[in-house]
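Trainee: Sequence and predicted structure are below.
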Amino acid sequence: MSTHDILHRLSDTLASRRNADPEKSYTAKLFSEGPDSILKKIGEECAELIMAAKDGKKLNIVWESTDVIYHVLVLLAFYGLSIEDVSQEMRRREGISGIDEKAARGSK
Ligand SMILES: N=c1c2ncn([C@@H]3O[C@H](COP(=O)(O)OP(=O)(O)OP(=O)(O)O)[C@@H](O)[C@H]3O)c2ncn1[C@@H]1O[C@H](COP(=O)(O)O)[C@@H](O)[C@H]1O
């Protein structure tokens, strides 16, 4: 399965958890708790990713990155968005250097 496929499948699964039982689905539990709870988890997972990166342990960096990405996908789903919306924005930015984009911003 390609990266594209797994991200889309996961996005679809998360969207399908909208009306699921919070006792049976961790995603549904986060949805039921609301955005503050999802944001708190994103903050925690980002902090864990930073610590893993500081330790330089590749496997831990992969684990923590996966946690961050999963929780960001949950946040997107909470707002009726998905990886497709992020993918569209990535496509829009493709080929535009961050250095050039920042310089263009400064001249406005
Ligand atoms: N990719 C994930 C995924 N990554 C991380 N997690 C959960 O995110 C939580 C991370 O929290 P922590 O590591 O901080 O663990 P914790 O301290 O027990 O968590 P809290 O009690 O503090 O919330 C754990 O419960 C993990 O199991 C995930 N839960 C679900 N998925 C995917 O989402 C799908 C739907 O999951 P459900 O909604 O649970 O059916 C699954 O099939 C998976 O594909």
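Mentor: Structure's in. What do you need?
Trainee: going forward, measure contacts and count neighbours with C-alpha atoms only.
Mentor: Fine.
Trainee: low pLDDT regions in the protein?
Mentor: Per-residue confidence for the chain (pLDDT under 70) gives these ranges: 107-108.
Trainee: again, only using 50
Mentor: When residues are selected by pLDDT under 50, none of them lie in the chain.
Trainee: Contact residues of this protein facing the ligand?
Mentor: With C-alpha under 6 Å from any ligand atom as the criterion, the chain comes near the ligand at residues 10, 14, 25-28, 67, 70.
Trainee: out of these, who has the most neighbours?
Mentor: Note: the member of these with the most neighbours is Thr27, at 26 neighbours, neighbours being other C-alpha atoms under 10 Å.
Trainee: and it, what does it touch?
Mentor: Applying C-alpha atoms under 8 Å, 6 or more residues apart in numbering, one finds that Thr27 lies in contact with 14, 17, 74.
Trainee: Excluding covalently adjacent residues, which one is nearest to the spatially most central residue of the chain?
Mentor: Within the chain, one residue has its C-alpha closest to the average C-alpha position: by C-alpha atoms, centre = their mean, that is Val72, at 2.6 Å. Nearest non-adjacent residue to Val72, counting by C-alpha to C-alpha, 6 or more residues apart in numbering: Ile42, 6.8 Å away.
Trainee: Looking at the contacts of Thr27, which is nearest Asp36?
Mentor: Nearest to Asp36, judged by C-alpha to C-alpha, of the contacts of Thr27 is Val74 at 12.2 Å.
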